[in-house]
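A.B. asks: fold the following and give me the result.
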Amino acid sequence: MNTTKKVKASMEDRYKFYYDIGRLFNSSFNINFLLDTVLSKIVNEMNVEGGAFWLYDNEKNKAICSNCINPSGIVLSGFEIKSDLGIKGYCIRNRKQIMLDDISKFQDYEDDFERKMKLNVRSIACVPMLHKQTLIGMIELINGNDDPPFSNNDLELLEFISNTTAIALNKAHLFDDTTERERLKKELEFASFLQSSILPLKKVENPFFELHSTLEQTKEMGGDFYDWRELEENKYLFLIADVSGKGSPAAIFMAIARSIMWTVSNFFHDPKKILEKTNEFLRNSNRIDMFVTTLLIVVDTKQKTLKYVSAGHNSGFLIRKNGDVVPLKTKGMPLGVVEKSTYEQKEISIEKDDLLFLYTDGLTETTNKNGKEYGEEKLERKAVNLRFKPLAEISENVFSSLNKYSNNQVTDDRCLMLLRFLEPGPKKSPMDSFALNLSDKMDDITKTLEYVERVAIGGGFSADDINDILIAVEEICVNVIMYGFPQSKAHYTADAWTDDEKITVVIKDKGIPFDPTRVLEAPEEFNTRRDDGGYGLLLIRELMDEINYRYDDEKGNISTLIKRKTVRNEDNMRKDD
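C.D. replies: Predicted structure coming up:
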C-alpha cells in the first residue's frame, strides 16, 4: 500500500475551488469546453491519474464517454458502455456513487473495457449526475495517488461537481432546444412572410371591381391560395386554389403551381387553355403525387362577361343583385393528376353589383361537435343574405359564423375571395395622398405596399407597372429597416400620389445618412455603411424612371421614386379570345 500522505487542500483552498468551478459553469454555454476544463481541474485538484464524463443515453440504456483524460493516451471519447456491466454499470443501474480503493475486491468488477483501453486501474470513484432524479450521466476518476486514494472530502467534492454539471447539462440542453425552436420559428415566420408576399393584397380597389380576400392557415404555411392579375386592358384573371396536404410541402407546391400558371397566362388568356397548359407542365414535373384544385376566372369588363373553368375545385358562385345564385361548376380533374386533361369552360354575363363568392373546402367542411359539416347550402344562404354589405363585413361575418359553428376548432386551411363588380366612376383627384408612419415590422412593409398599390390603381397604372413600383418601394423599405438603424428600432414614413403621367413615392427616415443613388451609380461602393442592400437597390434603377435623394437635418433621408405610365402597344399584345 502506498503510505505517502497526501497534503490535503485546506478548507479555504477547497472553497475557492468550489467558487471557481461555479463561476466556470456560469461563464459559457459551450458545454464541451466546460466539461474539458472542469475535468482537468478535478484531476489536478484530487491528484488522480485520469477521469471521464459519461453521458447517459436513455433509449440505448448506455453511457457514452463525452470527455476524458486517459493516462494511457488513448482517446475514449465516443466509446459506449452497457449499464449491466462493471463498476460504471453498477453506478448507472443503481444511481448510486461508488468509491473503491482496490477494485480487485469488487465482485462485479469487469475489466474487459479497461484491458481494451490499456488501462491499469487500481482504484476508482464513480458518482452519478442526477437532475431532479433523472440520470444525466456519471463522473469517473481513476487511480488516486494518495493514501487512501479517495476520501470523504473527495466524495463531497465529486457530489458538488456532479450536481453542478447535471444542472449545466440540463440548462445547455434546454438552451439548445430553445435556440433551435427560436431558429425554426424565425425561419417559419420569414417563410410565411415570403409566402404571403407573393399573394396579392387582401383588399383591392379598382374602377371596375372591389376585391377582398381572407386566408386562414392552420400552420405557418399552407396550400390554399388566391390571386388575380390584369391580362390586358379590360381583362382580368382571378383564381382560388387548394393544394393537397398542409404545411411547408403544400406551400412549396403552391408556389410552383402559381408560377407555372402565371407564366402560361402570359401567352394564353383563355381560362381553359391556361389550365390545360398548366396541368401539362405541372404533371411532367410532379414526382411527389401532389395535386391542386383550382377555380380560374377571366373577366372582360368591357364586354361584361365572365369565363370560368374548374379543375376539381368547389364550384363557387355568382350572386346577382336580386339574390339569384349562379353556381360556377364545370367538369375537370385537379391539376397534376393526369398529364392530358381537358377542361370544360363556361361563360356568363356580369352586371353592376354582382357578387363573386370563391372559397376553398375548409369553409364548407368545417364541422360542429357532432361531426356535421357546415355545407354549401348554409354557406350560400349566408352569402345571399349578406350580399349588400361591404366585402370586409361579409368576410368577417362568414368566418364568425364558421367559428361559432365549430366552437373555434379549426382543422383545415380556409380561404375566401370576394369580388363585387362596379361601374367605373369619376377619376380620383391626382393629388390624393396621405403619409403612413411605420416601424420596423415586416407587417408594416405590407401596409406600405398596400397603400402604394391603392394609390397606383387609383391613378390608372397597369398591373405590370404596379408590380415594378411595389418591388422598388419594398427594396427601399427593407434597406431602411435592416441597415438604417443598427442601434435602435427603425421608423420611416411613406407618402405617394399620382398625376396624369406618373406616380411619386417618397420614403423618409432618420436612420444612418445613406444615398441610394450613389449605389445605383457605382457598384464598387457597396462597402458603404448600408452596403448589404446594394444589389437590391440596383434593381430599382431598372424598375423606376427616376430616383432622387436628399438629406434634411430635421427629416433625415428623403428618397423619391418616380414611375411613369407605360404606353401600351395594342398591336403587340397577344389576345386569346
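A.B. asks: every contact and neighbour count from this point should use C-alpha atoms.
C.D. replies: OK.
A.B. asks: quick check: Lys382 is in a helix.
C.D. replies: Yes - secondary structure of Lys382 (DSSP: H, G, I helix; E, B strand; the rest coil): part of a helix.
A.B. asks: okay, and Leu76 sits in which element?
C.D. replies: Here Leu76 sits in a region with no helix or strand, counting by DSSP states H and E.
A.B. asks: could you do Ile540 as well?
C.D. replies: With DSSP H and E as criterion, Ile540 is part of helix 534-543.
A.B. asks: can you spell out the domain ranges of this protein, please?
C.D. replies: 11-176, 201-425, 428-577 (automatic domain parsing).
A.B. asks: now those domains in a markdown table, with mean neighbour count and mean pLDDT?
C.D. replies: Formatted as a markdown table, these follow (neighbours: other CA atoms under 10 Å; pLDDT from 0 to 100):
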| stretch | mean neighbour count | mean pLDDT |
| --- | --- | --- |
| domain 11-176 | 17 | 77 |
| domain 201-425 | 19 | 86 |
| domain 428-577 | 17 | 72 |
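A.B. asks: ok, which stretches of the protein are helices?
C.D. replies: Remark: helices assigned in the chain by DSSP state H are 11-25, 31-46, 86-94, 112-116, 152-198, 247-265, 271-284, 361-364, 376-385, 391-406, 442-458, 463-483, 516-521, 534-543.
A.B. asks: so Glu365 makes contact with Glu377?
C.D. replies: No - contact criterion CA atoms under 8 Å: Glu365 and Glu377 do not qualify, at 11.8 Å.
A.B. asks: I'd like the helices of the chain written out as CSV, with distance to Val326 added.
C.D. replies: Output for these, formatted as CSV (distance: least, CA to CA, whole Å):
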stretch, distance to Val326
helix 11-25, 71
helix 31-46, 67
helix 86-94, 73
helix 112-116, 81
helix 152-198, 30
helix 247-265, 26
helix 271-284, 18
helix 361-364, 18
helix 376-385, 11
helix 391-406, 18
helix 442-458, 29
helix 463-483, 29
helix 516-521, 53
helix 534-543, 42
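A.B. asks: and Glu319, bridged to which residues?
C.D. replies: Actually, residue 319 is Ile. It isn't Glu. Val325, Leu355 (DSSP bridges).
A.B. asks: thinking again about what came up before, of the helices of the chain, which is nearest Glu59?
C.D. replies: For these, proximity to Glu59 was assessed by CA to CA; helix 86-94 is nearest, at 13.8 Å.
A.B. asks: may I have the closest one as PDB, with CA atoms only?
C.D. replies: Below are the C-alpha coordinates for helix 86-94, written out as PDB (Å, rounded to 0.1, in the frame of the first residue of the first chain):
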ATOM      1  CA  GLY A  86     -18.800  -3.500 -14.300                       C
ATOM      2  CA  ILE A  87     -18.400  -0.700 -11.800                       C
ATOM      3  CA  LYS A  88     -19.700   2.000 -14.100                       C
ATOM      4  CA  GLY A  89     -22.700  -0.100 -14.900                       C
ATOM      5  CA  TYR A  90     -23.300  -0.500 -11.200                       C
ATOM      6  CA  CYS A  91     -23.300   3.300 -10.800                       C
ATOM      7  CA  ILE A  92     -25.700   3.800 -13.700                       C
ATOM      8  CA  ARG A  93     -28.100   1.000 -12.700                       C
ATOM      9  CA  ASN A  94     -28.400   2.000  -9.100                       C
END
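A.B. asks: by contact count, what packs against it?
C.D. replies: strand 124-131, strand 134-144 (3 or more CA pairs under 8 Å, 6 or more residues apart in numbering; DSSP states H and E).
A.B. asks: all set, thanks.
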